[in-house]
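Just to be clear, the model below is a prediction. Sequence and coordinates:
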Amino acid sequence: LVQSRVLTVQGADGRGHKLLIPWLDMFNHRASSPHRLAGRTDGMLRVLAGAPVGAGEQVEIVYGTSGTSNAEFLGHYGFLDPAAAAA
């Protein structure tokens, strides 16, 4: 459970640091989402809208990459994605 709530972000020291960022887990995953999380390497985390967002519309982001397997989704985020890479 703890692993599913942390994000690894690169620090000024160049190392990856696991951080608990409460607002971030409000964004659900959808592999085809045009919206992205940015800033994992520059320390300026932000969600970038890849398409117009209407009032009241849910914003989903992509967890992982197109190569993220269901084993990784399960271990890191606690769910399986039917669109995930087989591995």
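That came in fine, so what should we check first? Owing to the predicted nature of the structure, the values given are computational and were not obtained by experimental measurement.

Can you pull up the most central residue in this structure?
Tyr63 (3.4 Å; Cα atoms, centre = their mean).

tally of neighbours for Gly43?
11 (other Cβ atoms under 10 Å). To be clear about C-beta, it is placed using only N, CA and C from the backbone, and glycine gets the same treatment.

Pretty sure it sits against Gly11.
Yes - counting by Cβ atoms under 8 Å, Gly43 does reach Gly11; the two are 7.4 Å apart.

Can you show me the helices along this protein?
Here the chain has its helices, by DSSP state H, at 70-77.

Give me the below-cutoff pLDDT ranges for it.
Scanning the chain for pLDDT under 70 picks out 1-5, 85-87.

hey, where'd the strands end up in this protein?
6-10, 16-20, 36-38, 46-48 (DSSP state E).

May I have the second one as PDB, with CA atoms only?
Output in PDB follows, covering the C-alpha atoms of strand 16-20 (Å, rounded to 0.1, in the frame of the first residue of the first chain):
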ATOM      1  CA  GLY A  16      15.700   9.500  -6.900                       C
ATOM      2  CA  HIS A  17      13.700  10.200  -3.700                       C
ATOM      3  CA  LYS A  18      10.500   8.600  -2.900                       C
ATOM      4  CA  LEU A  19       7.900  11.200  -1.900                       C
ATOM      5  CA  LEU A  20       4.300  11.100  -0.700                       C
END
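
tilt between it and strand 6-10?
Counting by axes from the mean of the first three to the mean of the last three Cα atoms, to 10 degrees, strand 16-20 points 140 degrees away from the direction of strand 6-10.

same for strand 16-20, what does it pack against?
Applying 3 or more Cβ pairs under 8 Å, 6 or more residues apart in numbering; DSSP states H and E, one finds that strand 16-20 contacts strand 6-10.

circling back: for the residue nearest to the residue nearest to the centre of the chain when sequence neighbours are not counted, give me its contacts.
Excluding its sequence neighbours, the residue lying closest to Tyr63 (Cβ to Cβ, 6 or more residues apart in numbering) is His29, at 4.2 Å. By Cβ atoms under 8 Å, 6 or more residues apart in numbering, the contact list for His29 reads Glu60, Ile61, Val62, Tyr63, Phe73, Tyr77, Phe79, Asp81.
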